[in-house]
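here's my sequence, what's the structure:
(chains A, B and C)
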Amino acid sequence: MLSLFTLRGVISIWKEINLTSCDRSQLIDITAQVAAEVARSGIKNGLCTVFIPHTTAGITINENTDPNVARDMLNTLEHLAPHKADYQHAEGNSDSHVKASLVGSSCTVPVISGQLHMGTWQGIYFCEFDGPRNRRVKVGVFGES
Amino acid sequence: MLSLFTLRGVISIWKEINLTSCDRSQLIDITAQVAAEVARSGIKNGLCTVFIPHTTAGITINENTDPNVARDMLNTLEHLAPHKADYQHAEGNSDSHVKASLVGSSCTVPVISGQLHMGTWQGIYFCEFDGPRNRRVKVGVFGES
Amino acid sequence: MLSLFTLRGVISIWKEINLTSCDRSQLIDITAQVAAEVARSGIKNGLCTVFIPHTTAGITINENTDPNVARDMLNTLEHLAPHKADYQHAEGNSDSHVKASLVGSSCTVPVISGQLHMGTWQGIYFCEFDGPRNRRVKVGVFGES
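Numbers count the residues shown, from 1 in each chain, chains lettered A, B, ... in the order given. The predicted structure follows:
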(Lines give C-alpha, C1' and ligand atoms only; values in the text may rest on other atoms or scores of the structure.)
Protein backbone atom coordinates (compact mmCIF):
# COMPACT_ATOMS: atom_id res chain seq x y z
CA MET A 1 0.00 0.00 0.00
CA LEU A 2 2.86 2.35 0.66
CA SER A 3 4.12 1.98 -2.89
CA LEU A 4 0.60 2.42 -4.24
CA PHE A 5 0.33 5.65 -2.24
CA THR A 6 3.70 6.84 -3.49
CA LEU A 7 2.82 6.04 -7.08
CA ARG A 8 -0.38 8.06 -6.91
CA GLY A 9 0.99 10.83 -4.71
CA VAL A 10 0.84 14.50 -5.56
CA ILE A 11 4.13 16.34 -5.79
CA SER A 12 4.85 20.04 -5.60
CA ILE A 13 8.28 21.22 -6.77
CA TRP A 14 9.84 24.68 -7.18
CA LYS A 15 13.05 25.17 -9.16
CA GLU A 16 14.95 28.29 -10.22
CA ILE A 17 16.25 29.28 -13.65
CA ASN A 18 18.88 32.03 -13.96
CA LEU A 19 19.24 34.20 -17.01
CA THR A 20 20.91 37.41 -18.17
CA SER A 21 19.24 39.97 -20.39
CA CYS A 22 21.27 42.12 -22.76
CA ASP A 23 18.84 44.93 -23.67
CA ARG A 24 16.63 47.33 -21.70
CA SER A 25 13.53 45.69 -23.23
CA GLN A 26 13.78 42.11 -24.45
CA LEU A 27 11.63 39.00 -24.73
CA ILE A 28 13.68 35.89 -23.90
CA ASP A 29 12.25 32.50 -24.89
CA ILE A 30 12.53 30.19 -21.85
CA THR A 31 10.22 27.42 -23.12
CA ALA A 32 12.98 24.81 -23.35
CA GLN A 33 14.23 25.42 -19.80
CA VAL A 34 10.69 25.29 -18.38
CA ALA A 35 9.91 22.11 -20.34
CA ALA A 36 13.12 20.54 -19.01
CA GLU A 37 12.07 21.26 -15.39
CA VAL A 38 8.66 19.68 -16.06
CA ALA A 39 10.32 16.56 -17.52
CA ARG A 40 12.78 16.36 -14.59
CA SER A 41 9.96 16.66 -12.02
CA GLY A 42 8.52 13.27 -12.95
CA ILE A 43 5.02 14.75 -12.71
CA LYS A 44 2.69 13.18 -15.27
CA ASN A 45 -0.49 15.23 -14.93
CA GLY A 46 -1.00 18.64 -13.39
CA LEU A 47 0.15 22.18 -13.99
CA CYS A 48 3.28 24.27 -14.28
CA THR A 49 3.42 27.83 -12.93
CA VAL A 50 6.24 30.16 -13.91
CA PHE A 51 6.72 33.07 -11.49
CA ILE A 52 8.94 36.15 -11.92
CA PRO A 53 10.28 37.51 -8.58
CA HIS A 54 11.06 40.95 -10.04
CA THR A 55 9.04 44.16 -10.35
CA THR A 56 10.43 45.42 -13.68
CA ALA A 57 10.12 42.13 -15.55
CA GLY A 58 7.19 39.87 -16.37
CA ILE A 59 6.18 36.77 -18.25
CA THR A 60 3.98 36.13 -21.26
CA ILE A 61 3.05 33.32 -23.63
CA ASN A 62 3.02 34.14 -27.33
CA GLU A 63 4.29 33.13 -30.76
CA ASN A 64 8.00 32.23 -30.81
CA THR A 65 8.44 31.48 -34.52
CA ASP A 66 8.65 34.92 -36.16
CA PRO A 67 10.85 37.20 -33.98
CA ASN A 68 8.88 40.18 -35.34
CA VAL A 69 5.98 39.21 -33.05
CA ALA A 70 8.20 39.87 -30.03
CA ARG A 71 9.44 43.13 -31.58
CA ASP A 72 5.89 44.35 -32.28
CA MET A 73 4.90 43.45 -28.70
CA LEU A 74 7.79 45.46 -27.19
CA ASN A 75 7.12 48.41 -29.52
CA THR A 76 3.42 48.44 -28.66
CA LEU A 77 4.14 48.22 -24.92
CA GLU A 78 6.60 51.11 -25.32
CA HIS A 79 3.81 53.08 -26.99
CA LEU A 80 1.42 52.29 -24.09
CA ALA A 81 3.95 53.10 -21.35
CA PRO A 82 6.80 55.17 -22.82
CA HIS A 83 10.22 55.08 -21.13
CA LYS A 84 10.25 58.88 -20.91
CA ALA A 85 7.01 60.43 -19.75
CA ASP A 86 5.59 62.41 -16.86
CA TYR A 87 6.17 59.86 -14.05
CA GLN A 88 6.60 60.52 -10.31
CA HIS A 89 8.83 57.53 -9.43
CA ALA A 90 12.38 58.93 -9.54
CA GLU A 91 14.30 55.87 -10.73
CA GLY A 92 13.50 56.37 -14.43
CA ASN A 93 11.87 52.93 -14.77
CA SER A 94 8.20 53.62 -14.08
CA ASP A 95 7.40 52.31 -17.55
CA SER A 96 9.12 49.03 -16.65
CA HIS A 97 6.88 48.59 -13.60
CA VAL A 98 3.74 49.34 -15.63
CA LYS A 99 4.75 46.95 -18.43
CA ALA A 100 5.42 44.23 -15.84
CA SER A 101 1.87 44.58 -14.50
CA LEU A 102 0.37 44.65 -18.02
CA VAL A 103 1.84 41.26 -18.96
CA GLY A 104 1.75 39.87 -15.42
CA SER A 105 4.18 38.14 -13.05
CA SER A 106 3.18 34.52 -13.62
CA CYS A 107 1.80 32.13 -16.21
CA THR A 108 0.27 28.69 -15.78
CA VAL A 109 0.46 25.89 -18.36
CA PRO A 110 -1.03 22.37 -18.46
CA VAL A 111 1.21 19.36 -17.73
CA ILE A 112 -0.20 16.31 -19.52
CA SER A 113 1.51 12.93 -20.02
CA GLY A 114 4.63 14.25 -18.32
CA GLN A 115 5.07 17.18 -20.70
CA LEU A 116 4.43 20.90 -20.86
CA HIS A 117 1.30 20.99 -23.02
CA MET A 118 1.10 24.23 -25.02
CA GLY A 119 -0.26 25.21 -28.41
CA THR A 120 1.84 24.57 -31.54
CA TRP A 121 2.94 28.19 -31.89
CA GLN A 122 3.23 29.10 -28.21
CA GLY A 123 6.42 29.85 -26.35
CA ILE A 124 7.03 31.17 -22.83
CA TYR A 125 8.77 34.54 -22.87
CA PHE A 126 10.61 36.11 -19.95
CA CYS A 127 9.87 39.83 -20.44
CA GLU A 128 12.78 42.10 -19.54
CA PHE A 129 11.68 45.72 -19.17
CA ASP A 130 14.64 47.25 -17.29
CA GLY A 131 17.76 45.38 -18.40
CA PRO A 132 20.40 44.43 -18.97
CA ARG A 133 20.39 42.46 -15.68
CA ASN A 134 20.82 39.05 -14.11
CA ARG A 135 17.35 37.66 -13.45
CA ARG A 136 15.69 34.69 -11.76
CA VAL A 137 12.63 32.69 -12.78
CA LYS A 138 10.79 30.31 -10.40
CA VAL A 139 9.31 27.22 -12.07
CA GLY A 140 6.72 25.28 -10.06
CA VAL A 141 5.29 21.91 -11.08
CA PHE A 142 2.29 20.41 -9.29
CA GLY A 143 0.45 17.18 -9.87
CA GLU A 144 0.47 13.44 -9.89
CA SER A 145 3.68 11.50 -10.44
CA MET B 1 -7.87 2.69 4.71
CA LEU B 2 -7.77 2.42 0.97
CA SER B 3 -11.23 3.92 0.67
CA LEU B 4 -10.30 6.67 3.13
CA PHE B 5 -7.27 7.44 0.98
CA THR B 6 -9.36 7.47 -2.18
CA LEU B 7 -11.96 9.71 -0.60
CA ARG B 8 -9.35 12.27 0.42
CA GLY B 9 -7.19 11.98 -2.68
CA VAL B 10 -6.18 14.87 -4.87
CA ILE B 11 -7.22 14.73 -8.50
CA SER B 12 -5.86 16.61 -11.47
CA ILE B 13 -7.95 16.62 -14.65
CA TRP B 14 -7.57 18.38 -18.03
CA LYS B 15 -10.47 18.55 -20.49
CA GLU B 16 -10.90 20.37 -23.81
CA ILE B 17 -13.70 22.63 -24.99
CA ASN B 18 -14.08 23.40 -28.69
CA LEU B 19 -15.64 26.58 -29.99
CA THR B 20 -15.98 28.62 -33.17
CA SER B 21 -15.73 32.39 -33.30
CA CYS B 22 -17.62 34.37 -35.92
CA ASP B 23 -15.90 37.79 -35.83
CA ARG B 24 -12.29 38.97 -36.00
CA SER B 25 -12.58 40.30 -32.40
CA GLN B 26 -15.14 38.73 -30.11
CA LEU B 27 -15.61 37.88 -26.43
CA ILE B 28 -17.35 34.51 -26.05
CA ASP B 29 -18.81 33.63 -22.64
CA ILE B 30 -17.64 30.10 -21.74
CA THR B 31 -18.61 30.19 -18.05
CA ALA B 32 -21.27 27.48 -18.38
CA GLN B 33 -18.96 25.05 -20.18
CA VAL B 34 -16.17 25.60 -17.62
CA ALA B 35 -18.61 25.20 -14.72
CA ALA B 36 -19.88 21.95 -16.27
CA GLU B 37 -16.33 20.54 -16.40
CA VAL B 38 -15.80 21.47 -12.74
CA ALA B 39 -19.06 19.72 -11.77
CA ARG B 40 -18.15 16.63 -13.85
CA SER B 41 -14.68 16.41 -12.27
CA GLY B 42 -16.11 15.49 -8.87
CA ILE B 43 -13.56 17.80 -7.24
CA LYS B 44 -14.99 19.48 -4.14
CA ASN B 45 -12.28 21.94 -3.16
CA GLY B 46 -9.40 23.31 -5.19
CA LEU B 47 -8.92 25.42 -8.27
CA CYS B 48 -9.81 25.54 -11.94
CA THR B 49 -7.36 26.85 -14.53
CA VAL B 50 -8.52 27.72 -18.04
CA PHE B 51 -5.70 27.77 -20.61
CA ILE B 52 -5.81 29.02 -24.22
CA PRO B 53 -3.38 27.13 -26.53
CA HIS B 54 -3.42 29.90 -29.17
CA THR B 55 -1.27 33.01 -29.70
CA THR B 56 -3.94 35.32 -31.14
CA ALA B 57 -6.61 34.60 -28.54
CA GLY B 58 -6.72 34.99 -24.77
CA ILE B 59 -8.94 34.69 -21.73
CA THR B 60 -10.38 37.19 -19.28
CA ILE B 61 -12.91 37.36 -16.47
CA ASN B 62 -15.33 40.27 -16.51
CA GLU B 63 -18.99 41.29 -16.35
CA ASN B 64 -21.26 39.13 -18.52
CA THR B 65 -24.60 40.88 -17.88
CA ASP B 66 -24.48 43.99 -20.09
CA PRO B 67 -22.96 43.06 -23.49
CA ASN B 68 -21.73 46.66 -23.78
CA VAL B 69 -18.98 45.86 -21.28
CA ALA B 70 -17.53 43.35 -23.76
CA ARG B 71 -17.93 45.86 -26.62
CA ASP B 72 -16.15 48.62 -24.66
CA MET B 73 -13.36 46.18 -23.79
CA LEU B 74 -12.80 45.21 -27.44
CA ASN B 75 -12.97 48.84 -28.57
CA THR B 76 -10.45 49.93 -25.94
CA LEU B 77 -8.08 47.08 -26.81
CA GLU B 78 -8.39 48.07 -30.48
CA HIS B 79 -7.43 51.61 -29.46
CA LEU B 80 -4.38 50.30 -27.55
CA ALA B 81 -3.23 47.92 -30.31
CA PRO B 82 -4.89 48.93 -33.60
CA HIS B 83 -5.35 46.29 -36.32
CA LYS B 84 -3.60 48.51 -38.84
CA ALA B 85 -0.44 50.17 -37.58
CA ASP B 86 3.31 50.17 -38.18
CA TYR B 87 4.04 46.51 -37.33
CA GLN B 88 6.93 44.32 -38.55
CA HIS B 89 5.20 40.89 -38.38
CA ALA B 90 3.94 40.31 -41.94
CA GLU B 91 0.77 38.31 -41.22
CA GLY B 92 -1.42 41.34 -40.46
CA ASN B 93 -2.29 40.12 -36.96
CA SER B 94 0.36 41.72 -34.76
CA ASP B 95 -2.42 43.48 -32.87
CA SER B 96 -3.99 40.08 -32.12
CA HIS B 97 -0.76 38.81 -30.56
CA VAL B 98 -0.40 41.96 -28.45
CA LYS B 99 -4.03 41.84 -27.29
CA ALA B 100 -3.58 38.15 -26.35
CA SER B 101 -0.65 39.06 -24.09
CA LEU B 102 -2.50 42.03 -22.56
CA VAL B 103 -5.41 39.86 -21.34
CA GLY B 104 -3.28 36.74 -20.82
CA SER B 105 -3.45 33.08 -21.81
CA SER B 106 -4.91 31.61 -18.63
CA CYS B 107 -7.19 32.38 -15.71
CA THR B 108 -7.56 30.62 -12.37
CA VAL B 109 -10.80 30.44 -10.36
CA PRO B 110 -11.63 28.93 -6.95
CA VAL B 111 -13.48 25.61 -6.75
CA ILE B 112 -15.42 25.46 -3.48
CA SER B 113 -18.10 22.90 -2.50
CA GLY B 114 -17.81 21.28 -5.92
CA GLN B 115 -18.57 24.45 -7.84
CA LEU B 116 -16.79 27.17 -9.76
CA HIS B 117 -16.82 29.98 -7.20
CA MET B 118 -16.85 33.39 -8.92
CA GLY B 119 -18.33 36.78 -8.10
CA THR B 120 -21.99 37.48 -8.85
CA TRP B 121 -21.27 39.51 -11.99
CA GLN B 122 -18.27 37.59 -13.25
CA GLY B 123 -18.13 35.46 -16.38
CA ILE B 124 -15.20 33.76 -18.14
CA TYR B 125 -14.66 35.13 -21.64
CA PHE B 126 -12.72 33.44 -24.42
CA CYS B 127 -11.15 36.42 -26.22
CA GLU B 128 -10.95 35.98 -29.99
CA PHE B 129 -8.59 38.51 -31.57
CA ASP B 130 -8.00 36.98 -35.01
CA GLY B 131 -11.20 35.16 -36.00
CA PRO B 132 -13.33 33.77 -37.27
CA ARG B 133 -11.70 30.43 -36.40
CA ASN B 134 -12.18 27.08 -34.72
CA ARG B 135 -10.53 27.28 -31.30
CA ARG B 136 -9.70 25.05 -28.34
CA VAL B 137 -9.78 25.79 -24.61
CA LYS B 138 -8.08 23.58 -21.99
CA VAL B 139 -9.91 23.35 -18.66
CA GLY B 140 -7.92 21.96 -15.71
CA VAL B 141 -9.42 21.12 -12.31
CA PHE B 142 -7.19 20.34 -9.32
CA GLY B 143 -8.09 19.49 -5.76
CA GLU B 144 -9.74 17.16 -3.32
CA SER B 145 -12.57 14.89 -4.42
CA MET C 1 0.85 4.77 8.21
CA LEU C 2 -2.13 6.98 8.81
CA SER C 3 0.04 9.63 10.41
CA LEU C 4 2.58 9.32 7.60
CA PHE C 5 -0.24 9.87 5.12
CA THR C 6 -1.48 12.88 7.05
CA LEU C 7 1.99 14.38 7.24
CA ARG C 8 2.48 14.11 3.49
CA GLY C 9 -1.06 14.96 2.48
CA VAL C 10 -1.99 17.73 0.10
CA ILE C 11 -4.26 20.44 1.41
CA SER C 12 -6.39 22.93 -0.46
CA ILE C 13 -7.75 25.89 1.51
CA TRP C 14 -9.74 28.99 0.49
CA LYS C 15 -10.09 31.97 2.87
CA GLU C 16 -11.60 35.42 2.43
CA ILE C 17 -10.12 38.84 3.21
CA ASN C 18 -12.41 41.87 3.46
CA LEU C 19 -11.25 45.38 2.72
CA THR C 20 -12.61 48.86 2.08
CA SER C 21 -11.22 51.19 -0.55
CA CYS C 22 -11.41 54.96 -0.11
CA ASP C 23 -10.75 56.30 -3.63
CA ARG C 24 -12.15 55.57 -7.07
CA SER C 25 -8.76 54.22 -8.16
CA GLN C 26 -6.40 52.87 -5.54
CA LEU C 27 -3.76 50.18 -5.11
CA ILE C 28 -4.03 48.57 -1.66
CA ASP C 29 -1.10 46.46 -0.44
CA ILE C 30 -2.52 43.16 0.87
CA THR C 31 0.79 41.25 1.06
CA ALA C 32 0.73 40.94 4.86
CA GLN C 33 -2.83 39.54 4.94
CA VAL C 34 -2.06 37.03 2.18
CA ALA C 35 1.19 35.98 3.89
CA ALA C 36 -0.74 35.48 7.15
CA GLU C 37 -3.21 33.14 5.44
CA VAL C 38 -0.32 31.14 3.97
CA ALA C 39 1.30 30.83 7.42
CA ARG C 40 -2.04 29.84 9.03
CA SER C 41 -2.68 27.16 6.37
CA GLY C 42 0.22 25.03 7.59
CA ILE C 43 1.15 24.31 3.98
CA LYS C 44 4.92 24.02 3.56
CA ASN C 45 5.35 23.71 -0.20
CA GLY C 46 2.97 24.63 -3.00
CA LEU C 47 1.30 27.73 -4.33
CA CYS C 48 -0.97 30.57 -3.27
CA THR C 49 -3.60 31.97 -5.63
CA VAL C 50 -5.30 35.30 -4.87
CA PHE C 51 -8.62 35.75 -6.69
CA ILE C 52 -10.76 38.91 -6.95
CA PRO C 53 -14.51 38.15 -7.25
CA HIS C 54 -15.31 41.61 -8.68
CA THR C 55 -15.47 42.97 -12.24
CA THR C 56 -14.23 46.51 -11.58
CA ALA C 57 -11.23 45.54 -9.44
CA GLY C 58 -8.18 43.40 -10.09
CA ILE C 59 -4.91 42.24 -8.61
CA THR C 60 -1.28 42.86 -9.48
CA ILE C 61 2.18 42.24 -8.07
CA ASN C 62 4.60 45.16 -8.15
CA GLU C 63 6.97 47.30 -6.09
CA ASN C 64 5.57 48.34 -2.73
CA THR C 65 8.44 50.47 -1.43
CA ASP C 66 8.05 53.80 -3.26
CA PRO C 67 4.33 54.75 -3.35
CA ASN C 68 5.03 56.65 -6.58
CA VAL C 69 5.20 53.34 -8.45
CA ALA C 70 1.53 52.72 -7.59
CA ARG C 71 0.64 56.31 -8.57
CA ASP C 72 2.42 56.02 -11.92
CA MET C 73 0.63 52.70 -12.54
CA LEU C 74 -2.81 54.21 -11.85
CA ASN C 75 -2.03 57.29 -13.95
CA THR C 76 -0.83 55.18 -16.89
CA LEU C 77 -3.90 52.91 -16.69
CA GLU C 78 -6.09 56.03 -16.65
CA HIS C 79 -4.29 57.18 -19.79
CA LEU C 80 -4.93 53.78 -21.47
CA ALA C 81 -8.60 53.57 -20.42
CA PRO C 82 -9.83 57.06 -19.41
CA HIS C 83 -12.77 57.34 -16.99
CA LYS C 84 -14.62 59.59 -19.42
CA ALA C 85 -14.55 58.44 -23.03
CA ASP C 86 -16.86 57.19 -25.75
CA TYR C 87 -18.12 54.01 -24.03
CA GLN C 88 -21.42 52.17 -24.61
CA HIS C 89 -21.89 50.68 -21.11
CA ALA C 90 -24.20 53.13 -19.34
CA GLU C 91 -22.94 52.83 -15.74
CA GLY C 92 -19.97 55.19 -16.19
CA ASN C 93 -17.42 52.55 -15.18
CA SER C 94 -16.39 50.98 -18.48
CA ASP C 95 -12.84 52.09 -17.81
CA SER C 96 -12.92 50.15 -14.50
CA HIS C 97 -13.90 46.94 -16.30
CA VAL C 98 -11.14 47.40 -18.89
CA LYS C 99 -8.50 48.16 -16.24
CA ALA C 100 -9.59 45.04 -14.30
CA SER C 101 -8.95 42.87 -17.37
CA LEU C 102 -5.61 44.57 -18.11
CA VAL C 103 -4.16 43.69 -14.68
CA GLY C 104 -6.16 40.46 -14.31
CA SER C 105 -8.39 38.89 -11.68
CA SER C 106 -5.88 36.54 -10.03
CA CYS C 107 -2.22 36.14 -9.20
CA THR C 108 -0.27 33.04 -8.21
CA VAL C 109 2.79 33.05 -5.93
CA PRO C 110 5.14 30.26 -4.77
CA VAL C 111 4.80 28.85 -1.24
CA ILE C 112 8.18 27.51 -0.11
CA SER C 113 9.18 26.45 3.44
CA GLY C 114 5.77 27.49 4.71
CA GLN C 115 6.04 31.06 3.46
CA LEU C 116 4.85 33.23 0.60
CA HIS C 117 7.99 33.35 -1.53
CA MET C 118 8.16 36.61 -3.52
CA GLY C 119 10.96 38.85 -4.72
CA THR C 120 12.51 41.38 -2.33
CA TRP C 121 10.66 44.36 -3.79
CA GLN C 122 7.37 42.66 -4.63
CA GLY C 123 4.05 43.27 -2.95
CA ILE C 124 0.53 42.07 -3.79
CA TYR C 125 -1.79 44.94 -4.65
CA PHE C 126 -5.58 44.81 -4.64
CA CYS C 127 -6.45 47.17 -7.53
CA GLU C 128 -9.58 49.24 -6.91
CA PHE C 129 -10.88 50.81 -10.13
CA ASP C 130 -14.43 51.82 -9.11
CA GLY C 131 -14.34 52.70 -5.42
CA PRO C 132 -14.83 53.57 -2.74
CA ARG C 133 -16.40 50.20 -1.91
CA ASN C 134 -16.33 47.23 0.41
CA ARG C 135 -14.49 44.43 -1.40
CA ARG C 136 -13.62 40.77 -0.95
CA VAL C 137 -10.45 38.86 -1.82
CA LYS C 138 -10.26 35.04 -1.99
CA VAL C 139 -6.93 33.55 -0.90
CA GLY C 140 -6.28 29.93 -1.87
CA VAL C 141 -3.33 27.87 -0.64
CA PHE C 142 -2.52 24.46 -2.17
CA GLY C 143 0.24 22.04 -1.40
CA GLU C 144 1.88 19.70 1.02
CA SER C 145 1.53 20.22 4.76
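
now A:Thr20: phi and psi?
phi -130, psi 130 (degrees, to the nearest 10).

got the contact list for A:Ala57?
When contacts are counted by Cβ atoms under 8 Å, 6 or more residues apart in numbering or on different chains, A:Ala57 touches A:Ser96, A:Ala100, A:Phe126, A:Cys127, A:Glu128, A:Phe129, A:Asp130, A:Gly131, A:Arg135. C-beta: built from backbone N, CA, C; applies to glycine.

pLDDT score assigned to it?
Predicted confidence (pLDDT) for A:Ala57: 98.

circling back: closest to chain C among the contacts of A:Ala57?
Nearest to chain C among the contacts of A:Ala57 is A:Ala100, at 6.4 Å by Cβ to the nearest Cβ.

picking that back up, in TSV: the contacts of A:Ala57, plus neighbour count, pLDDT and secondary structure.
Below are these laid out as TSV (neighbours: other Cβ atoms under 10 Å in any protein chain shown; pLDDT from 0 to 100; DSSP: H, G, I helix; E, B strand; the rest coil):
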residue	neighbour count	pLDDT	secondary structure
A:Ser96	26	98	helix
A:Ala100	29	98	helix
A:Phe126	24	98	strand
A:Cys127	29	98	strand
A:Glu128	28	98	strand
A:Phe129	28	98	coil
A:Asp130	22	98	coil
A:Gly131	18	98	coil
A:Arg135	20	98	strand
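
look at A:Asn68 and give its secondary structure.
Recorded secondary structure, A:Asn68: helix (DSSP: H, G, I helix; E, B strand; the rest coil).

run a quick neighbour tally on it.
17 (other Cβ atoms under 10 Å in any protein chain shown).

what's near enough to touch it?
A:Asn68 makes contact with B:Tyr87, B:Gln88, B:His89, B:Ala90, B:Ser94, according to Cβ under 8 Å, 6+ apart.

about what we covered before: mind putting the contacts of A:Ala57 into TSV with distance to A:Ala81?
As requested, the contacts of A:Ala57 are exported to TSV (distance: Cβ to Cβ, whole Å):
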residue	distance to A:Ala81
A:Ser96	8
A:Ala100	10
A:Phe126	18
A:Cys127	13
A:Glu128	14
A:Phe129	9
A:Asp130	12
A:Gly131	16
A:Arg135	19
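
which two among the residues you listed are spaced furthest apart?
Pairwise distances across the contacts of A:Ala57 peak at 13.6 Å for A:Ser96 and A:Phe126 (criterion: Cβ to Cβ).

check contacts around A:Gln88.
Residues in contact with A:Gln88 (Cβ under 8 Å, 6+ apart) are A:Ser94, C:Asn68, C:Arg71, C:Asp72, C:Asn75.
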